[in-house]
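Trainee: Predicted model follows, preceded by the sequence.
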Amino acid sequence: MENKYDVAVVGAGILGLAIAYVAAKRGNKVVVFERSTKAMGASVRNFGLIWPIGQPSGAALNQALRTRTVWLQLAQEAGLPVEANGSLHLAYQEEEVAVLEEFMATTRDAGYQCTLLQPDEAVKFSPAVRTEGLKLAMHSGTELTVSTRQAIPLLADYLQKTYKVSFHYGTAITHVQPGFLSDFYEMYSAERIYICGGQDFETLYPAIFRESGITRCKLQMMRTGKQPNDWKLGASLCSGLTMRHYEAFAHCGSLAALDAYFEREMPEFGRWGIHVMLSQNAQGHLVIGDSHEYGLEQTPFNQEDVNQLILKYLKSFADFPDWEIAETWHGIYPTIPGKTKLVQEAANRVWIVNGLSGAGLTLSFGIAEDLI
Ligand SMILES: Cc1cc2nc3c(=O)[nH]c(=O)nc-3n(C[C@H](O)[C@H](O)[C@H](O)COP(=O)(O)OP(=O)(O)OC[C@H]3O[C@@H](n4cnc5c(N)ncnc54)[C@H](O)[C@@H]3O)c2cc1C
């Protein structure tokens, strides 16, 4: 009886925790299994950005805005470090200006909260904005920054204390069948099972992962130390490379000219899938990234020249007091070319939920609400 649950979740990353939260809130008895002694996957290796502005209008934007609401609630209820600091897209090239203007003109009633700003207005949202050559900025009010290294374990604690969710860390689930899971030694029963194993495609239902076309993306990241004198970034920053990266801008015809500009002027950035964002966590560190390398096999090694390219581009749009890099790392997320997620019933009442690419923090609670 002790091992009997309504809902079992495999993986204590943000997706597993979001599903556990929604299921427990709806009155289910929930258990979460995590192979590591604490979550160490993509969920604690990211920027911590809740980034609705990157999502295309419609269902995805709606899921992102609902996810945003839950993060803000959890900040209140569970004391998670979440800051509602918004974002700025900075345009230094005419091609970037054209994309921002087209985006604004074509998404008026879509639910974004954006305004175009002149340089003197943009600096009011962040002292890090480089104003030399800045032609236009787009401010968005919907972005949050979550300090995930603290927030993920705090959320798990909160689920355990407030909703009596059971957590089994250091427990790799090696076998699942409808109604049952096991970790080699123990059998657990659950009416519904959600497998949120991140980049582990090999242990559970490997054939489904193979057939889905899922692959891995490796991203190199850096952070500075705490900025001096309590210096605050304010809004998270990005520029033209990010306009090429997110689906929200994909409908803009003016993007073709921006692509051509980057391919002509900076082809090495495209080669490493670099687009550059700057966020600040609750400790005052600036978090900087990233590159995108795709493929099922990823080496454990980071490339310093890629980090240097990221910093070079960052210097074109941002400045701040202390540039010394205190830490570098990489994270890996699962992604399916041409798709935004993998949600599949692998067996009766057993679901695989995966493949959220670079938007897991931004979409998890919305996806969980729609799924449970
Ligand atoms: C560098 C980087 C930056 C990013 N920046 C952002 C951002 O700013 N905003 C955003 O929205 N998204 C961002 N993302 C994406 C986001 O981090 C991911 O989409 C999200 O963390 C995925 O969560 P997850 O729970 O699916 O996976 P994970 O966090 O990887 O968790 C999966 C967990 O499952 C466990 N597990 C696997 N198999 C088993 C098993 N058999 N038994 C038990 N446990 C198992 C693993 O140990 C792991 O802890 C970024 C990703 C990276 C890598």
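Mentor: Good, I have the coordinates.
Trainee: Pull the contacting residues for whatever residue of the stretch 201-350 of the chain ends up closest to the ligand.
Mentor: Using CB to the nearest ligand atom, the single residue of the stretch 201-350 of the chain nearest to the ligand is residue 331, 2.6 Å away. Any C-beta I mention is one placed from the backbone N, CA and C, and that applies to glycine too. Taking CB atoms under 8 Å, 6 or more residues apart in numbering as the contact definition, residue 331 lies against 41-42, 45-46, 218-219, 221.
Trainee: So which of these reach the ligand?
Mentor: Restricting those to those near the ligand by CB under 6 Å from any ligand atom leaves 41-42, 45-46, 219, 221.
Trainee: Name the member of the residues you listed with the most neighbours.
Mentor: residue 41 (26 neighbours; other CB atoms under 10 Å).
Trainee: Contacts only, for that residue.
Mentor: Contacts of residue 41 (CB under 8 Å, 6+ apart): 11, 13, 198-199, 331.
Trainee: could you pull out the strands for the stretch 201-350 of the chain?
Mentor: In the stretch 201-350 of the chain, the segments counted as strands under DSSP state E, counting those that start in this stretch are 215-226, 236-238, 277-280, 285-289, 293-294, 325-335, 342-347, 350-354.
Trainee: which residues sit against the last one?
Mentor: Yep, that's strand 350-354 we're talking about. 15, 19, 176-178, 192-198, 204-205, 208-209, 214, 334, 341-346, 367, 371.
Trainee: Each with direction, which strands does that strand pair with?
Mentor: strand 187-195 (parallel), strand 342-347 (antiparallel) (DSSP bridges).
Trainee: Please apply the same query to the fourth one.
Mentor: Take DSSP bridges as the rule and strand 285-289 pairs in its sheet with strand 215-226 (antiparallel), strand 277-280 (antiparallel).
Trainee: Just name the most buried of those strands.
Mentor: strand 277-280 (a mean of 26; mean count of other CB atoms under 10 Å).
Trainee: outside of it, which residues touch it?
Mentor: For strand 277-280, using CB under 8 Å, 6+ apart, the contacting residues are 47-49, 85, 128, 145, 227, 232-233, 236-238, 242, 286-290, 314, 318.
Trainee: quick one on the thing from earlier: which one, of the strands paired with strand 285-289, ends up nearest to residue 265?
Mentor: Among the strands paired with strand 285-289, the nearest to residue 265 by CB to CB is strand 277-280 (20.0 Å).
Trainee: Just give me how far that closest one sits from the chain centre.
Mentor: Put simply, strand 277-280 sits 13 Å off its chain's centre (CA atoms, centre = their mean, to the nearest Å).
Trainee: re the thing from before, just the buried members of the contacts of strand 277-280?
Mentor: Neighbour-count burial (16 or more other CB atoms under 10 Å) is assigned, among the contacts of strand 277-280, to 47-49, 85, 128, 145, 227, 233, 236-238, 242, 286-290, 314, 318.
Trainee: partners of the residue of the stretch 201-350 of the chain closest to the ligand in the sheet?
Mentor: Beta-bridge partners of residue 331, as defined by DSSP bridges: residue 219.
Trainee: Test my guess that residue 268 contacts residue 309.
Mentor: Yes. With contact defined as CB atoms under 8 Å, residue 268 reaches residue 309; the gap is 6.2 Å.
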